[in-house]
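1. No letters, just coordinates:
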């Protein structure tokens, strides 16, 4: 696998650059909420508003940038309360409880509407922890697949900008070529990484967890309107495993278990090319019909 | 299958009976937080403190009892910030955003410590929605198994009270008989329902989603201390599907994908005996060694 050098100003880093607001006089203590100004990034635009994976990563980023943060991410749940509008937002990370080695977070993201009123667009919770070395095991092995160098890179959806920020190499389960209502399995397997390549961190891993195209489009060969309602990521990697992954490809696999009256689920895994299961992720998605 | 009549005062109903605090004068508007007093129930005691499944159900119950609640549960994520102490608690359900057909919730649960200070013990988020009838499909079919009437009921753990409040009939993957470090698959399949039987609702379905014994005990045949850190439930059933299930058995299946430096995941499914996938659920669990 050819490693490409990092670019100086990666658009993902630009998207993650939250600007901390100066804490007010009574907010200088420990365990207090901190607010940040951020904005959606045009390189990660979706059909309407921003790609939800980058929005989820920005929610995590508020936790990562909080000066009292303890340890590394263990879990993140992001609830998309409304579709973000392209432009600025404010995000707050609040430590709800700090234990000896774990910390629980609440995150809220607002945008100011045309009426001048701030509206909640996203809520999230996260757990961070100081990990210790223990007995470990991967019970979901990476499926056999040709290496990424042997698979053609192809944009899986051609109408949205954010897919150009990922190098996706499909192994199984493509987006339908014909929207003919031909039902199929919901399983997709692919190699994927940032484009241009970028060394993996918790924020980019979070965005990658949401980079699968909607399962229901593949399952039904029908392009019904969809929107992720809630996304959970479990992190099974420390800084060492992220560093070992570098800017290499991840192997991703996603499928659904239930489509029921307007909401379907998706469960997915992301492995490093060396076979470490870096993250497991689940989401529940609204669909119109 | 023999249906048993409901008991008058089921302990689960006692556990779910949250007492609403009178809203203060400035809290009579719409979309405002409501607080409730609740307490742990001795019938659902765990080794230390209460069974987390009932605590998660109590968090959902605060949403269900909120007078402005819109629709039925779609997803719930509960973060166990600290181990609850047996006794009273206060829980608040706050609507964070109400849309036309979906509603986003934040839940916080406090207990008063020996020092007289309130401490956050749990945070949660939930999404409720008014469902519409759409194309639907179950892509995770219920595994083949003998019917519950042909499987012996057995308490899977004999040292904790809460397991007596469930009728569990193991199909595959038992808790180890010998704690001899013999590694095994983490898969468990079983029939389960409330004991005494009780007609299924969203709260009891939530508790059942956490009723699997710790995967790592089965995986390693070693009883390392554990504690669920974050639990997510996706509901794939409306009131009609819950009513059709009645007080019958559910078929449950649980397994893990990753055990890594102190935290393992669990993914599980719960089907009605007729094969409707009622809920899928995921959790990340701390383990000591």
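-> Here it is on my side, so go on. Keep in mind the model is a prediction, meaning the values are calculated, not measured.
2. which stretch of helix or strand covers residue A:116?
-> Applying DSSP states H and E as the criterion places residue A:116 outside every helix and strand.
3. any idea how far it lies from chain B?
-> Plainly put, residue A:116 is 17 Å away from chain B if you go by C-beta to the nearest C-beta, to the nearest Å. All C-beta atoms are positioned from the backbone trio N, CA, C, and that covers glycine.
4. can you count the residues close to that residue?
-> Using other C-beta atoms under 10 Å in any protein chain shown, residue A:116 has 6 other residues around it.
5. and if you look at residue A:102?
-> Residue A:102 has 23 nearby residues by other C-beta under 10 Å.
6. Settle this for me: it is touching residue A:129, isn't it.
-> Yes - counting by C-beta atoms under 8 Å, residue A:102 touches residue A:129, with 4.4 Å between them.
7. Which neighbours do those two have in common?
-> The contact sets of residue A:102 and residue A:129 overlap at A:70-71, A:74, B:229, B:286 (C-beta atoms under 8 Å, 6 or more residues apart in numbering or on different chains).
8. mind putting those in TSV, secondary structure, neighbour count and distance to residue B:279 included?
-> As requested, the shared contacts of residue A:102 and residue A:129 are arranged in TSV below (DSSP: H, G, I helix; E, B strand; the rest coil; neighbours: other C-beta atoms under 10 Å in any protein chain shown; distance: C-beta to C-beta, whole Å):
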residue	secondary structure	neighbour count	distance to residue B:279
A:70	coil	16	32
A:71	coil	14	30
A:74	strand	23	23
B:229	strand	22	20
B:286	strand	19	23
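9. Let me have the residues you listed in TSV, extended by distance to residue A:272 and pLDDT.
-> Below are the shared contacts of residue A:102 and residue A:129 laid out as TSV (distance: C-beta to C-beta, whole Å; pLDDT from 0 to 100):
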residue	distance to residue A:272	pLDDT
A:70	25	97
A:71	21	98
A:74	18	98
B:229	23	98
B:286	23	98
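10. Let me know the closest of those residues to residue A:155.
-> For the shared contacts of residue A:102 and residue A:129, the residue nearest residue A:155 by C-beta to C-beta is residue A:74; the value is 32.9 Å.
11. Residue A:170 bridge partners, please.
-> With DSSP bridges applied, residue A:170 shows beta-bridge pairing to residue A:190.
12. can you count the residues close to it?
-> For residue A:170, using other C-beta under 10 Å, the count is 17.
13. Look up how far residue A:152 lies from it.
-> 8 Å (C-beta to C-beta, to the nearest Å).
14. do the same with residue A:217
-> 21 Å.
15. Need the residue closest to the centroid of chain A.
-> Chain A has residue A:207 as the residue nearest its centroid, 2.5 Å off, counting by C-alpha atoms, centre = their mean.
16. excluding its backbone neighbours, what's nearest that residue?
-> residue A:53 (3.7 Å; C-beta to C-beta, 6 or more residues apart in numbering or on different chains).
17. Kindly report the same for residue A:243.
-> residue A:199 (7.6 Å).
18. For the one you found, which residues are in contact?
-> Applying C-beta under 8 Å, 6+ apart, the residues near residue A:199 are A:6, A:242-243, A:246-247.
19. just curious, which of those is nearest to chain B?
-> Each of the contacts of residue A:199 was checked against chain B using C-beta to the nearest C-beta; the closest is residue A:242, at 12.5 Å.
20. can you pull the contacts of that closest one?
-> A:199-202, A:205, A:278.
21. What are the phi and psi values at it?
-> phi -60, psi -40 (degrees, to the nearest 10).
22. what's the distance between it and residue A:130?
-> Taken as C-beta to C-beta, the span from residue A:242 to residue A:130 is 16 Å.
23. And residue A:235, by the same measure?
-> 13 Å.
24. ok, back up a step: mark which of the contacts of residue A:242 are part of strands, please.
-> residue A:278 (DSSP state E).
25. and the nearest residue to residue A:275 once chain neighbours are set aside, how many residues sit next to it?
-> Counting by C-beta to C-beta, 6+ apart, residue A:275 lies nearest to residue A:142, which is 4.7 Å off, once chain neighbours are set aside. As a burial measure, residue A:142 scores 19 neighbours (other C-beta under 10 Å).
26. Identify the residues contacting residue A:142.
-> A:251, A:271, A:275, A:277.
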